[in-house]
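>>> Give the three-dimensional model of this entry:
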Amino acid sequence: MPGGRLTQQERQQIALGLADSLPYAEIARRLGRPTSTVTREVMRNGGPTAYRADLAHRATERRAHRRRTPSSQGPEAPQPHGRDGGAVAEYEETFIAVLMASGLPKMPARVLTCLFITDAGRLTASRLAQRLQVSPASISKAIAFLESQSLVRRERDERRRDHYVVDNDLFYQSTIASARANDRLVETARRGVAVLGPHTPAATRLENVARFLDFISESIVRAAEQAREVLHTGPGTAAPDTAPARPGHD
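Below you'll find the model as predicted:
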């Protein structure tokens, strides 16, 4: 039933869809499920190349059993702002799965999600390790990866403790860094034009790739600059109209 827990038969259909190289959206459409449900199911059970319906079904049953079993650590801490703890946990898993589907490794995706859904948008390494129930070494490796992608930044407090932070400006900077990462590929492609000889098929192909990536990068940078204000727009405030005009529309 859409909205309920996946059945074993649905998991088998997911496995068949993955074997046929179908996109998540098409598998979800055939099941009558949201795409996020299929994405989360696959990414939490080995990813598209290792997903097995029987193992995924048993793993889900084990997780459900753990949720029904009273914790030896006592009652669960109440969520701030009266949030539903179960709904928050489900959303967190969805967010992690979507980040993994976009290319992030699992632990960096978990750390980034944890920071994003924390009201303060900042946590120490020890708090991250505690919340995610992993080792400090795992947190350190994940943070190093996220810093290399400009997805988190480090701040030190008066007690010389490092805090890892996500904020609006960081997201803007990450977008710019991602766009500029194409610059080296553009430069390398154009160097190949000279090496392979102008007007040869290979050189033409490389030049077209360079022009395409150059255009995409500049478009992303321009759009990010125009839309930067959106990141600082409060709830209920109209965002600036930054959409480019489409051909044939005034």
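
>>> what's downstream of the helix or strand bottoming out on mean pLDDT in the chain, the next helix or strand?
Ranked by mean pLDDT, DSSP states H and E, the weakest helix or strand in the chain is helix 53-68, scoring a mean of 71. Using DSSP states H and E, the helix or strand that follows helix 53-68 in sequence is helix 85-101.

>>> in that next one, what's buried?
Within helix 85-101, the residues scored as buried using 16 or more other CB atoms under 10 Å are 93, 94, 95, 96, 97, 98, 99, 100, 101. All C-beta atoms are positioned from the backbone trio N, CA, C, and that covers glycine.

>>> Give the buried residues for the helix or strand following it.
Sequence order places helix 106-116 as the next helix or strand after helix 85-101, per DSSP H and E. Buried residues in helix 106-116, counted by 16+ other CB under 10 Å: 107, 108, 109, 110, 111, 112, 113, 114, 115.

>>> Same question for stretch 170-178.
170, 172, 174, 175, 176, 178.

>>> for stretch 212-227, same thing?
Of all the residues in stretch 212-227, those buried under the rule 16+ other CB under 10 Å are 213, 214, 217, 220, 224, 227.

>>> Likewise for stretch 188-196?
Buried residues in stretch 188-196, counting neighbours by 16+ other CB under 10 Å, are found at 189, 190, 192, 193, 196.

>>> got the contact list for stretch 30-41?
Residues outside stretch 30-41 that contact it (CB atoms under 8 Å, 6 or more residues apart in numbering): 2, 6, 10-11, 13-14, 17, 24-25, 27-28, 56, 93-94, 96-98, 101.

>>> if we can go back for a sec, farthest-apart pair in the buried residues of helix 106-116, please.
Greatest spatial distance among the buried residues of helix 106-116 (CB to CB): 107 and 115, at 12.8 Å.

>>> Next, count neighbours for residue 206.
21 (other CB atoms under 10 Å).

>>> whoops, residue 118 was the one
15.

>>> per-residue confidence for it?
We have a pLDDT of 89 for residue 118.

>>> The one 10 residues further on now?
We have a pLDDT of 92 for residue 128.
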